[in-house]
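Peer 1: just coords:
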């Protein structure tokens, strides 16, 4: 009987740590009541990663060649999906466009917004710790296929802690800045 009790106690003490799940917050969005795109439909394509493998896992690095993912923390969805959903919400709430749709929609769009992710990670370098996001946006006239404009936005935000929680918090601050800058650029 003491062996069974010992096994139960051991099993209770050896449980894996709880998985922490983080998401992107939808930043407060300024509404624009006049816009050259007011009667246009914008299709937001699924963000593509140029350099990093994007997934639900949270990436970190200790050097330019030493990468990893957090074992007990992850994003609430695939990072590209979170970004696409956040961008669509921000663009829709801004009222710059008549409608903002996903690339899975069969609705005919007037414009397409493509995004390429160059960096989306937590970087720890000695005593410094920061979230890094670098995304290039390309606005395309969907009717002609002509490039209208393209711009790369890069951010580096210090974290309050060197763990996933600090990284997620700093990333949400970056997403707020990115949203504001993207809306200004599109106007």
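Peer 2: Arrived safely. Since the structure is predicted, the reported quantities are computational estimates derived from the model, not experimental observations. Residues are numbered from 1 along each chain as shown.

Peer 1: State the pLDDT value of residue 187.
Peer 2: Residue 187 carries a pLDDT score of 90 in this model.

Peer 1: quick one, what contacts it?
Peer 2: Applying C-beta atoms under 8 Å, 6 or more residues apart in numbering, one finds that residue 187 lies in contact with 32, 35, 96. Glycine gets a C-beta too; all of them are placed from N, C-alpha and C.

Peer 1: Over to the residue most central in space within the chain. Which of the three states is it?
Peer 2: Centrality entry for the chain: nearest residue to the mean C-alpha point is residue 83, 3.8 Å, by C-alpha atoms, centre = their mean. Remark: residue 83 carries the secondary structure label helix [criterion: DSSP: H, G, I helix; E, B strand; the rest coil].

Peer 1: ok, which stretches of the chain are strands?
Peer 2: 20-22, 41-44, 48-49, 57-61, 67-75, 99-102, 111-125, 128-141, 147-158 (DSSP state E).

Peer 1: what lines up beside the longest one in the sheet?
Peer 2: Spelled out, that is strand 111-125. Strand 111-125 pairs in its sheet with strand 41-44 (parallel), strand 48-49 (parallel), strand 57-61 (parallel), strand 128-141 (antiparallel), by DSSP bridges.

Peer 1: any idea of the mean pLDDT for it?
Peer 2: Summarised as a single mean, pLDDT over strand 111-125 is 95.

Peer 1: Now do the buried residues in that strand.
Peer 2: Under the neighbour-count criterion of 16 or more other C-beta atoms under 10 Å, strand 111-125 has 111-124 buried.

Peer 1: quick revisit: most neighbours of all the contacts of residue 187, which one?
Peer 2: Highest neighbour count within these, by other C-beta atoms under 10 Å: residue 96, with 24 neighbours.

Peer 1: how far does the lengthiest helix in the chain sit from the chain's center?
Peer 2: Of all the elements of type helix in the chain, the one with the most residues (DSSP state H) is helix 164-186. Using C-alpha atoms, centre = their mean, to the nearest Å, the distance from the centre of helix 164-186 to the centre of the chain it belongs to is 8 Å.

Peer 1: same thing with stretch 110-128?
Peer 2: The gap between where stretch 110-128 is centred and where its chain is centred comes out at 8 Å by C-alpha atoms, centre = their mean.
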